[in-house]
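**Q** no letters, just coordinates:
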DNA sequence: CCTATATTGTGTAATTATTACACAATCAAT
DNA sequence: ATTGATTGTGTAATAATTACACAATATAGG
């Protein structure tokens, strides 16, 4: 076995540790961010899309994105786009993956960093600047422009996984919600049906929900109780995940 | 609630969907990849590091990386570095995260895509091209050059999570291994101790291990049986992970 | 006001998974 | 032949998950 092997330099090769002029003059690639902005409304998971204005993708929908400025952090660029389009600033935002296939963009080499954002549709106002901007039921999202279908799919998949390990979902709900809302949310994200009693038992046993002693209004049936999520309690109790299972 | 909202264009803004000349001339940022290459030897998890040759980081260790060529896919760049340094081509490689803080690189704006690779240390030969190249016990990895400590930490964290959900670990082991090897591997990656009987029970119940009817050689005690991993069986049986738990 | 309809709120038993734990068997080294 | 180190194995206790049914409460409509 070849381990703990030490060696001395031999012939030099080009490496990351380049001199300044190299970074400035060669190997420059345009960098963008694309946001997969999820919302939850009418018991459906939705994604915010904009109509593409490239001829090549005429009529197709695409994700919201923009080029990253030369002295702007990646996260800052994603926040900028989110703020510009939804007016929201304190939103859940997470980097998911970077897509850099050579010919993914018709205008040249553009590598894009995909972000997943979760927003509460009650608390925003869409800012229509140029093209048509629209919430789409995720079940009807097909054939997006560029490689955006692939980016969307990978963000949805990541959301499905994350939401089972961390209480992200609450970012998609209003501050006050019923257990039915919460279950609808999980069912929409995971695209499964769940047992109502076991779902309730699970969340109550985790003990992060605060009973607000209020009930739903304007429902044509027995109203459910309203709850909020207690982030502080969660932070204290959250479990470290250890257990092999595949 | 503002949903399913449609709108017509108003004033145009700069967007991703730029014209060709824009992509070619502005917003260019150097792009690199960095590989966190893990190996497993002497019951320890190791990472392959190279001595930095930047004055600013004199004496410090850094990850293996390189600039991405203008017409090279990101994954291809990562494979290239791996191949160049370890001589290995069919290795586990996964993109983890992209780091793009404005001043992360002293030579200018360089955004880097981090990759995690798992290799079998028995099957490689290090290629020492320029600087000192060395396998480091992950327990002793501190104070790397650039933001490489942060990159390393995030790759290790991702490995710890992934290895509990998918059988990645086998990439770090020789084709034939004992259950003790396997347990050592999990204990090294997760930095925990496990119960030997329960560990065995767990893996046998998953039924992906093939008994090779061979035993370890050259051990100064009762030798253990050797096994291999059956990927095909795993592919058929792998579970879709559904269960809220946080 | 009464009835119909829809949905909430609740508990238990059966099954499955996880944990904790000890001793005999086997090999190498001497 | 004895020692030392490690493998291989099973069971009982606890915890988590699943499947499942009925009474209570609100609105809507006559």
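**A** Happy to help now that I have it. Keep in mind it's a predicted model, so treat the numbers as computed, not measured. Residues are numbered from 1 along each chain as shown, chains lettered A, B, ... in the order given.

**Q** can you list the strands that the strand ranked longest in chain A pairs with?
**A** As assigned by DSSP state E, the longest strand anywhere in chain A is strand A:28-41. Paired neighbours of strand A:28-41 in the sheet (DSSP bridges): strand A:44-51 (antiparallel), strand A:64-67 (antiparallel), strand A:110-118 (parallel), strand B:28-41 (antiparallel).

**Q** among the ones you listed, which is nearest DNA strand C?
**A** strand A:44-51 (15.1 Å; C-beta to the nearest atom of the strand). The C-beta positions use only the backbone N, C-alpha and C, and glycine is treated the same way.

**Q** which residues of chain A lie near DNA strand C?
**A** Those residues of chain A that sit near DNA strand C, judged by C-beta under 7 Å from any atom of the strand, are A:178-180, A:196-198, A:200-201, A:220-225, A:243, A:245.

**Q** ok so, going back, tell me the mean pLDDT over the longest strand of chain A?
**A** The average pLDDT within strand A:28-41 is 96.

**Q** and it, how far from the chain's centre?
**A** The chain centre lies 8 Å from the centre of strand A:28-41; the measure is C-alpha atoms, centre = their mean, to the nearest Å.

**Q** before we move on, back to that, now narrow the residues of chain A next to DNA strand C to whatever sits close to DNA strand D.
**A** Applying C-beta under 7 Å from any atom of the strand to the residues of chain A next to DNA strand C, one finds that A:196, A:197, A:198, A:201, A:220, A:221, A:222, A:223 fall near DNA strand D.

**Q** for the third one, which residues are in contact?
**A** Just to be clear, that refers to residue A:198. Contact analysis of residue A:198 by C-beta atoms under 8 Å, 6 or more residues apart in numbering or on different chains lists nothing.

**Q** give the buried residues for stretch A:191-208.
**A** A:194, A:199, A:200, A:203, A:206, A:208 (16 or more other C-beta atoms under 10 Å in any protein chain shown).

**Q** dump those to a markdown table, plus secondary structure.
**A** Converted to a markdown table, those look like this (DSSP: H, G, I helix; E, B strand; the rest coil):
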| residue | secondary structure |
| --- | --- |
| A:194 | coil |
| A:199 | helix |
| A:200 | helix |
| A:203 | helix |
| A:206 | helix |
| A:208 | coil |
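
**Q** turn the residues you listed into CSV, columns for pLDDT.
**A** Converted to CSV, the buried residues of stretch A:191-208 look like this (pLDDT from 0 to 100):
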residue, pLDDT
A:194, 96
A:199, 97
A:200, 97
A:203, 96
A:206, 93
A:208, 94
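
**Q** residue A:180 and residue A:224 touch, don't they?
**A** Yes. With contacts counted by C-beta atoms under 8 Å, residue A:180 reaches residue A:224, the gap being 5.4 Å.

**Q** and the closest residue in space to residue A:91 that isn't next to it in sequence, how many neighbours?
**A** Leaving aside its sequence neighbours, residue A:91 sits nearest to residue A:119 (C-beta to C-beta, 6 or more residues apart in numbering or on different chains; 5.2 Å). Residues within reach of residue A:119, counting by other C-beta atoms under 10 Å in any protein chain shown, total 21.

**Q** how close does residue A:119 get to DNA strand C?
**A** The span separating residue A:119 from DNA strand C equals 24 Å under the rule C-beta to the nearest atom of the strand, to the nearest Å.

**Q** same check, this time on residue A:79
**A** In terms of C-beta to the nearest atom of the strand, residue A:79 sits 35 Å off from DNA strand C.

**Q** in chain A, what residue is nearest DNA strand D?
**A** Here chain A gets closest to DNA strand D at one residue, residue A:222, 2.7 Å apart by C-beta to the nearest atom of the strand.

**Q** surely that residue is in a helix?
**A** No. Assigned with three-state DSSP, residue A:222 falls outside any helix and is coil.

**Q** ok, now how distant is it from residue A:198?
**A** Here residue A:222 is placed at a distance of 20 Å from residue A:198 (C-beta to C-beta, to the nearest Å).

**Q** all helices for chain A, in order.
**A** In chain A, helices defined by DSSP state H lie at A:20-25, A:74-86, A:148-165, A:179-190, A:196-206, A:231-237, listed in chain order.

**Q** residues in contact with the last one?
**A** Looking back up the chat, that one is helix A:231-237. For helix A:231-237, the external contacting residues (C-beta under 8 Å, 6+ apart) are A:167, A:206, A:207, A:208, B:246.

**Q** buried stuff in it?
**A** residue A:234.

**Q** any part of it near DNA strand D?
**A** No. Applying C-beta under 7 Å from any atom of the strand, one finds helix A:231-237 separated from DNA strand D by no less than 12.2 Å.

**Q** quick one: average pLDDT of that helix?
**A** Rounded mean pLDDT across helix A:231-237 is 91.

**Q** and that helix, how far from the chain's centre?
**A** Relative to its parent chain, helix A:231-237 has a centroid offset of 22 Å by C-alpha atoms, centre = their mean.

**Q** what do you get for the fourth one?
**A** In terms of C-alpha atoms, centre = their mean, the gap separating the centre of helix A:179-190 from the centre of its chain is 17 Å.

**Q** go on, stretch A:115-123?
**A** Here the centre of stretch A:115-123 is set off from its chain's centre by 8 Å, with C-alpha atoms, centre = their mean.

**Q** quote the end-to-end distance of that stretch.
**A** Distance between the two ends of stretch A:115-123: 20 Å, counting by C-alpha to C-alpha, to the nearest Å.

**Q** can you name the residues in contact with it?
**A** By C-beta under 8 Å, 6+ apart, the list of residues contacting stretch A:115-123 from outside reads A:33-41, A:46, A:75, A:78, A:82, A:86, A:88, A:91-96, A:135, A:155, A:158-159, A:168-169, A:171-174, B:1-3.

**Q** what residues sit buried inside that stretch?
**A** Buried residues in stretch A:115-123 (16+ other C-beta under 10 Å): A:115, A:116, A:117, A:118, A:119, A:120, A:121.

**Q** mind putting the residues you listed in a markdown table, pLDDT and distance to residue B:190 included?
**A** As requested, the buried residues of stretch A:115-123 are exported to a markdown table (pLDDT from 0 to 100; distance: C-beta to C-beta, whole Å):
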| residue | pLDDT | distance to residue B:190 |
| --- | --- | --- |
| A:115 | 98 | 29 |
| A:116 | 98 | 27 |
| A:117 | 98 | 31 |
| A:118 | 98 | 29 |
| A:119 | 97 | 35 |
| A:120 | 95 | 36 |
| A:121 | 93 | 39 |
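
**Q** follow-up on the earlier one: now the buried members of the contacts of stretch A:115-123.
**A** Buried subset of the contacts of stretch A:115-123 (neighbour count, 16+ other C-beta under 10 Å): A:33-41, A:46, A:75, A:78, A:82, A:86, A:88, A:91-96, A:135, A:155, A:158-159, A:168-169, A:171-173.

**Q** is the most centrally placed residue in chain A in a bridge, and if so with what?
**A** Chain A has residue A:116 as the residue nearest its centroid, 1.6 Å off, counting by C-alpha atoms, centre = their mean. Assessed by DSSP bridges, residue A:116 has beta-bridge partners residue A:36, residue A:94.

**Q** what's the neighbour count on residue A:103?
**A** By other C-beta under 10 Å, neighbour count at residue A:103 equals 10.

**Q** got it, and the one 5 residues further on?
**A** Neighbour count of residue A:108, defined by other C-beta under 10 Å: 17.

**Q** likewise the one 3 residues further on?
**A** Burial of residue A:111, expressed as a neighbour count using other C-beta under 10 Å, amounts to 24.
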